[in-house]
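S.K.: Let's see this in three dimensions:
(chains A, B, C, D, E and F)
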There are 6 protein chains.
Amino acid sequence: MNLFDMPLEELKNYKPDLTKESNFEEFWEKTIEESKDQPLDAKLNSVDYPVEQVRVYDVFFDGFKNSRIYGRYVLPKEASKDNKVPVIVMYHGYNWNNVVISNVLSFSLMGYGVLLVDVRGQDIKSPDHNNYDNGGAAGWMTKGILNPDNYYYRYVYMDCVRAVEFVSKREEIDSDKIAVEGGSQGGGLAIAAGALSDKVKAVMADIPYLCHFRRAVELYEGSPYSEIYHYFKLHDSLHQTEEQVYKTLSYFDGMNLAARIKADVLMSVGLEDTVCPPSTGFALYNHLDTNKEIKVYPEYGHGGFNQQGEEKIVFLKKRFG
Amino acid sequence: MNLFDMPLEELKNYKPDLTKESNFEEFWEKTIEESKDQPLDAKLNSVDYPVEQVRVYDVFFDGFKNSRIYGRYVLPKEASKDNKVPVIVMYHGYNWNNVVISNVLSFSLMGYGVLLVDVRGQDIKSPDHNNYDNGGAAGWMTKGILNPDNYYYRYVYMDCVRAVEFVSKREEIDSDKIAVEGGSQGGGLAIAAGALSDKVKAVMADIPYLCHFRRAVELYEGSPYSEIYHYFKLHDSLHQTEEQVYKTLSYFDGMNLAARIKADVLMSVGLEDTVCPPSTGFALYNHLDTNKEIKVYPEYGHGGFNQQGEEKIVFLKKRFG
Amino acid sequence: MNLFDMPLEELKNYKPDLTKESNFEEFWEKTIEESKDQPLDAKLNSVDYPVEQVRVYDVFFDGFKNSRIYGRYVLPKEASKDNKVPVIVMYHGYNWNNVVISNVLSFSLMGYGVLLVDVRGQDIKSPDHNNYDNGGAAGWMTKGILNPDNYYYRYVYMDCVRAVEFVSKREEIDSDKIAVEGGSQGGGLAIAAGALSDKVKAVMADIPYLCHFRRAVELYEGSPYSEIYHYFKLHDSLHQTEEQVYKTLSYFDGMNLAARIKADVLMSVGLEDTVCPPSTGFALYNHLDTNKEIKVYPEYGHGGFNQQGEEKIVFLKKRFG
Amino acid sequence: MNLFDMPLEELKNYKPDLTKESNFEEFWEKTIEESKDQPLDAKLNSVDYPVEQVRVYDVFFDGFKNSRIYGRYVLPKEASKDNKVPVIVMYHGYNWNNVVISNVLSFSLMGYGVLLVDVRGQDIKSPDHNNYDNGGAAGWMTKGILNPDNYYYRYVYMDCVRAVEFVSKREEIDSDKIAVEGGSQGGGLAIAAGALSDKVKAVMADIPYLCHFRRAVELYEGSPYSEIYHYFKLHDSLHQTEEQVYKTLSYFDGMNLAARIKADVLMSVGLEDTVCPPSTGFALYNHLDTNKEIKVYPEYGHGGFNQQGEEKIVFLKKRFG
Amino acid sequence: MNLFDMPLEELKNYKPDLTKESNFEEFWEKTIEESKDQPLDAKLNSVDYPVEQVRVYDVFFDGFKNSRIYGRYVLPKEASKDNKVPVIVMYHGYNWNNVVISNVLSFSLMGYGVLLVDVRGQDIKSPDHNNYDNGGAAGWMTKGILNPDNYYYRYVYMDCVRAVEFVSKREEIDSDKIAVEGGSQGGGLAIAAGALSDKVKAVMADIPYLCHFRRAVELYEGSPYSEIYHYFKLHDSLHQTEEQVYKTLSYFDGMNLAARIKADVLMSVGLEDTVCPPSTGFALYNHLDTNKEIKVYPEYGHGGFNQQGEEKIVFLKKRFG
Amino acid sequence: MNLFDMPLEELKNYKPDLTKESNFEEFWEKTIEESKDQPLDAKLNSVDYPVEQVRVYDVFFDGFKNSRIYGRYVLPKEASKDNKVPVIVMYHGYNWNNVVISNVLSFSLMGYGVLLVDVRGQDIKSPDHNNYDNGGAAGWMTKGILNPDNYYYRYVYMDCVRAVEFVSKREEIDSDKIAVEGGSQGGGLAIAAGALSDKVKAVMADIPYLCHFRRAVELYEGSPYSEIYHYFKLHDSLHQTEEQVYKTLSYFDGMNLAARIKADVLMSVGLEDTVCPPSTGFALYNHLDTNKEIKVYPEYGHGGFNQQGEEKIVFLKKRFG
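M.R.: Residues are numbered from 1 along each chain as shown, chains lettered A, B, ... in the order given. Reported below is the predicted structural model:
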């Protein structure tokens, strides 16, 4: 066992001070308003899929302020206006969208709609057409890092909220039964969507990325927290912008967003996770103020624990039947 | 890209000489007969599972000559004597059975029965009660290595055949639609079951283990081919038993078993697989004399390519509807 | 010594077939024309620097089609309309612009003007405002990878040409004495500028990136050729777009551009370079049809050989005095 | 120096709480009785060896409850009923019996008998014929892990005691001068034999394995403590059996056995030992309540310190002459 | 970020106890006297160099007590008796003299003389002809380790002082403007020269080696502190000479020498430096009792931070104009 | 298995061209003469040792031209003028003398005298007092690398011959029964002693160092062939002295010395030896023209195969009884 982070007993009580700026809530309320004013302009195209019990669609909708977001939408055949189904909106990992439909098919076959959302820039069909005035490190983590208003994840978080918006308006969806789900970046986005959309009723976040940034950058081994590290190394070796960088990130820190979540939350951490260290996950978890549950996998790192699939089935069944 | 093995163009034509002993076919025919004479004595216990569309059972049956084999059996709710369903018998990786029911649920929800078979010794509920007179390396690869009649995989291969036997006799199963599936060791076992049971109609073998042993031991990086290496290192450093060791293994080499397969085969290899090097997979594939298909994943090692899940759905749909 | 690539004797004669598409020359002629039609709109701001023998400026000019490119411009104090000086335009490494003025000061003190050009997107002050319709891998290598007309390096290459354009028009510069210089990506860009601008009279390219792409991706260990690998791994695991990807890259391959260069060339390779393997450097070098020289550093990888600094002084002195 | 464990000053005083269950002594007394009731049925076969000053034998005797244990027995030529000699019973490392007679020859030539005992299952000639109802991880560490009565090391520990029993009954052996020796697993077995047999008068245990299990699993890097880790990872990812696992192991923990030892003890630890971390060795050492000595090798890991050979000669000379 | 050493806030206040022996000052005063009594016997040979603004010389002078020391001496063309220039004496890294003249040319072109001094034994032209009676580890760190009077660095430190002596006597040098500079071993030597010669007016020491030896050996990863580790491992595995070894080293510890320095000091550390851990640099820095400045590079290890080149220009300009 | 070198079948026939200079034999004949003219001036001091069957001495004798060589001499108690015993002169590994008397005790107890010789410079008690005019890399490999007459190993080889000389003159030694032995550098020195002294009757050389230098430097991973690599990297990055370096080494290459050996030879190689690659050992072996035997350990690297201890006993018994 790798003792690079705290032991489990400490983790369970680890609740570091929040890093919210005074206008944190205002920042997000204003952002949510801006998004609400912007239409989705969603389009669906039916797609052939060899499993007759489901219907599959390509979905495109307008991202926050710019860019067109792509998703795959998988419905139980029987879903309809008169037979509304619960739905799971799923977000993917950083630079790592290798989800195929067969990965999520069991949920659709059990009766859930599933929307697989692409993250802007990180996918072939979802380019990011926003312009950033600073950044510099390969990847997306530092795009706009010196200004929260034009930081990359402000756009991505709102794209995620807009994906929830999209499903909530579908006639075949029971809009009281919307879950969000994801691992790593996807886990961070599920937390963000749960915090920024009141339509979300259940959050399943595995090994969440994008929380407790300072500690994460300190403990990280490898990508993608390393991009912040790289920004300093190459572009600010004496850390003259350090305060501004962490100020920007504070608006997007899952830990700071946690208290906004009203939905039930199921989380997981791996005690050997050197990408999203367990203390960053617990920092988030311990700031949640809602029905919550966390599964701890002592021998696992950044994912790989199949058992969590079983836990999610139980978690959803209890809530959405 | 790691150039530790041959380039793709060479792999496609790589067909090394077989290493069959003269009594190879006789050895297996006799073994198959011995197994046929031994009753299965199967028992099923119903198990609660939170998904109402399936029924789940614990299964126990007698392994080859000794030991009791455990499996999990997942049926579409509607399967019955009058509504027979196709079935997939699944085998797991070496020392790595982390399959949970939710991993295979989509197949049951699509209408297939699924039997997840444990490998003797490698699982909590399937101990190996056979006695071996030699071996020595931690693990199972060298148990009985000096004598094909009492080699570990003679028992395991026949356990796998007996698992097929079990499903073929179930009234809710359409015994003309039996598939076997697995990755790594599970892929090797799927090949073995396809070669040693005429009831198997479709074989899905990913990154198969247990083929082309000499080259595999030469190229291996890490477990489990390393156990053969370890046997020599610790117990026969001057290789006085080398000939006997490879003679024993020749009976269990997927390459030598390939020509026995009549079922359709879907295979996969990762070109960066250092555990089961791609040339060992192609050695097997190129000796297959049946309807066959291989998917090559250039950037992948020992698994991880989700796309193969899509390929399997298509492969099964075409054959079993 | 790491034998991951060819031995030196083979390298010296390694001249693989070019991969030029039939419209290769036309593609570039058209691109050059488009750039010529677009004004530079250059602005200079004087900057304080503690060395009185030089004058330092921030420079901004319009990039190809969009985006504003930033550079630092260091002149010998005595340079003027009446005392024109030779100039070196320098390009930096991929995601690795850690050049400070003191690194290049000796050239200015010797009497050369120096322009340090930022690469769009890779630097704080040179954002990339072009929109790409595909890509997906973190970094810049796959932005627009399916279409040479909108591929990232089409813009970067022309930005580099425009930097040469900028200095060529300065009254304090002797426009018959323009050199370009760089290592790694910077080496590739120096080659590109030498091939695409007839104003360049001397090229100094160390351990050049962006040449002989197929072999480079095969041999690479680590970033940034890995981004192409990552594109396939995540977004096209069965390589259905492989042909298009390498077709796009062929337009930007230093090997294909080599024959266009008329300027004298000084190159270097490290025989242990696993980032830009030596065979890719020699592939380029052996296709050069001009006065050329290559320095081979058998014990070095991707740079670090200080001796090349001495070689460059001699190379420039001979040509520009 | 690798600071993965405590500094030396802390190690010297590190005495963690014991983890004995209330019936610990009873468990072992009963086990010892069971073994005493079972005859050894020892057989010796003379073996040729090119050194005329010694006599070498193959020895076989009945292991605890089942399995036949093999050993090599090397006697000074002059040993006889009338010229009784002291004896050293030696145990080998986990999955690593590479001891040859020439390794121990100097002891026989100095006048000691030497018995090299194989560990059941880990050697060619000493198969383990016990049946275990659980386990699952490759190797022997988890065989029977849920039940101390049928745990692998219950059998092995008693096999080691029976090896002492065997030499104690030989007419050529001075049964008041029996030493046990070993490194790693062999060190743990020497401790166990010293604790469970009152015939042992001297214990030489290097870098002992099998002590302070919880800390060992926490700090381990690599095999074989990793097998316990692997058991959890694959077969109990949420640690539902953790309490039972460590309860079973508590019966076999050298730390808990230490107080039973009356023989003199010579130990060694390497401060860089990541296989059997030094704190686990000191935990054992500090619980010993007998004449004891420990040699600390600051720059060494899991063995390799030749100096300990010199220390053992002095230790034995002092006690056995 | 690698947390192998203390966090920055602790480092800033880290001031461990000095380890000076009672005769520390006397030891050095006597050594300095001995050196003063020994003539330099310096010889200069003019060398061709392609940059006309400088004059380059090979320099040879007598090392402390024996051996002939080689240096390269680079002067601004205009330096002369009547136009005295300031000078920088530069020392190189351990076993790593890859400095070429172009690396330091900018200083000469700005108007400084530069003397590049070779370290005895570590260079082709500066053999070490001293005889040592003990040592044993490959390298120089343990040569004479049991006796401060005949320890390798006593000779090297005084060679460095003698290099300062050499420039101070040159007619073209302004002997009130002598700086010393170096990184790693070179940084340690700059500190030593600053402490042992009152002619030094400015010290620029990057990532200094040779300070706080005990902690350095504890934390080291890799060469050259490893040579002390190796000495113990191979030649004194039970550490019987540990006290003497660290007593010898105490005379050469930059931390103990720090208080002797009257010159202004500019230092740097990399927080990820595992060769010369940052706590050893701060131990030295916090014991300096003069005008001092330290630059901290959080993302850097043992060097590579180009920004320090800018800092040095400013530091020198302020002091020497 | 690591395929970094040739497969076994190729190795068995690998006989590269020799690289002898025309005056190779003359060089050595002259050197041998020079040594013969120089007295040994040997001194012995009796040392206490706790094993009564042996007598132990410290030995000092004059090395070739300068330096005093230390050895440990272990005799069977009964050895005397009237009871002459055979003797084994043992050499140790590069920078790695961790041999203690108990390691070689069995040989003395079997009736052989043993002389453990220290290599000059590499040991505490055997300093090297020769002066070298070039070198530069930490370690001994490049000391005097540009001149065979003053190359380090010229002194070491002759020290080894002088150690043989010493034992040959002892009255308790049967001077017709002198063996030399060693592993790695010790193996190279055993070969050298066998080639340069006609008194040697048996050579036991394991995993020999110092042969087939060019290929060794090409294939090496890690020390000490790396010192030659380091010499080029730091001191001659463009390889201007390459020819001279390999010319110097040719005089000391075991491959070139092989044909001089008349004694019987027992060798060993590990097929995974990356320090002294197996092809370099076979290059030597295949050039031997005497009674010879080689043991191949396919799963071993640079040593560790205990079986070779058994082989040596047999080899010596056959020859010396």
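S.K.: So residue A:229 sits against residue E:299, correct?
M.R.: Yes: Residue A:229 sits in contact with residue E:299 when judged by C-beta atoms under 8 Å, with a separation of 5.6 Å. No exception for glycine: its C-beta is placed from N, CA and C like everyone else's.
S.K.: Check which helices and strands the lowest-mean-pLDDT helix or strand in chain A sits against.
M.R.: Ranking every helix and strand in chain A by mean pLDDT, DSSP states H and E puts helix A:213-219 at the bottom, with a mean of 91. Helix A:213-219 is packed against helix A:226-235, helix A:242-250, helix A:278-285, with contacts defined by 3 or more C-beta pairs under 8 Å, 6 or more residues apart in numbering or on different chains; DSSP states H and E.
S.K.: Quick one: residues in contact with that helix.
M.R.: Contacting residues not belonging to helix A:213-219 are listed as A:4-5, A:16, A:19, A:225, A:228-229, A:246, A:249-250, A:253, A:274, A:276-277, A:279-280, A:283, E:1, E:3 [C-beta atoms under 8 Å, 6 or more residues apart in numbering or on different chains].
S.K.: how about 6 Å then?
M.R.: Helix A:213-219 is contacted by residues A:225, A:228-229, A:249, A:253, A:277, A:280, E:1 when judged by C-beta atoms under 6 Å, 6 or more residues apart in numbering or on different chains.
S.K.: Identify each buried residue in that helix, please.
M.R.: Judged by neighbour count using 16 or more other C-beta atoms under 10 Å in any protein chain shown, the buried positions of helix A:213-219 are A:213-219.
S.K.: Repeat that for stretch A:134-151.
M.R.: Residues of stretch A:134-151 classed as buried: A:134-146, A:148, A:150-151 (neighbour count, 16+ other C-beta under 10 Å).
S.K.: Quick check: residue A:307 touching residue D:237?
M.R.: Yes: look at residue A:307 against residue D:237 with C-beta atoms under 6 Å: they come within range, at 4.9 Å.
S.K.: between those two, who's got more neighbours?
M.R.: residue D:237 (22 against 17; other C-beta atoms under 10 Å in any protein chain shown).
S.K.: The residue in chain A sticking out farthest from the centre and chain F, how far apart?
M.R.: Here chain A reaches farthest from its C-alpha mean at residue A:238, the gap being 32.0 Å by C-alpha atoms, centre = their mean. As for residue A:238, its distance to chain F is 30 Å (criterion: C-beta to the nearest C-beta, to the nearest Å).
S.K.: mind checking pLDDT for the residue lying closest to that residue once chain neighbours are set aside?
M.R.: Using C-beta to C-beta, 6 or more residues apart in numbering or on different chains and skipping residues adjacent in sequence, the residue nearest residue A:238 is residue E:307, 6.3 Å away. Turning to residue E:307, the model gives it a pLDDT of 97.
S.K.: so how far is chain B from residue E:307?
M.R.: Summarising the geometry, the distance separating residue E:307 from chain B, computed by C-beta to the nearest C-beta, is 36 Å.
S.K.: Now do that residue against chain F, distance only.
M.R.: 26 Å.
S.K.: and if you look at residue A:290?
M.R.: Residue A:290 sits at a distance of 54 Å from chain F (criterion: C-beta to the nearest C-beta).
S.K.: Please identify which of the buried residues of helix A:213-219 is nearest to residue B:312.
M.R.: Comparing the buried residues of helix A:213-219 against residue B:312 with C-beta to C-beta picks out residue A:216 as the nearest, at 37.4 Å.
S.K.: got a list of what residue A:205 touches?
M.R.: For residue A:205, the residues meeting the contact criterion (C-beta under 6 Å, 6+ apart) are A:187, A:190-191, A:267.
S.K.: Swap in 10 Å and give it another go.
M.R.: Contacts for residue A:205 were tallied using C-beta atoms under 10 Å, 6 or more residues apart in numbering or on different chains; they are A:91, A:180-184, A:186-194, A:211, A:254, A:261, A:265-269, A:281, A:284-285, A:288, A:294.
S.K.: What residues does the stretch 101-250 of chain A have near chain C?
M.R.: For the stretch 101-250 of chain A, the contact set with chain C under C-beta under 10 Å from any C-beta of the partner chain comprises A:118, A:121-146, A:223-224, A:227, A:230-231, A:233-237, A:241.
S.K.: In helices only, show me those residues.
M.R.: Restricting those to those inside helices, with DSSP state H as the criterion, leaves A:227, A:230-231, A:233-235.
S.K.: I'd like those residues as CSV, with pLDDT and neighbour count appended.
M.R.: Listed next are those as CSV, based on pLDDT from 0 to 100; neighbours: other C-beta atoms under 10 Å in any protein chain shown:
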residue, pLDDT, neighbour count
A:227, 94, 23
A:230, 93, 21
A:231, 95, 23
A:233, 94, 20
A:234, 94, 20
A:235, 94, 20
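S.K.: Quickly name whichever of those is closest to chain E.
M.R.: Closest approach to chain E among those (C-beta to the nearest C-beta): residue A:233, at 3.7 Å.
S.K.: wouldn't that closest one be in contact with residue E:300 here?
M.R.: Yes: with contact defined as C-beta atoms under 10 Å, residue A:233 and residue E:300 form a contacting pair (6.9 Å).
S.K.: Overlap of the contact sets of these two?
M.R.: Common contact partners of residue A:233 and residue E:300 (C-beta under 10 Å, 6+ apart): residue E:272.
S.K.: can you tell if stretch A:54-65 touches chain B?
M.R.: Yes: interface with chain B: stretch A:54-65 contributes residue A:54 (C-beta under 10 Å from any C-beta).
S.K.: Kind regards, and thank you for your time.
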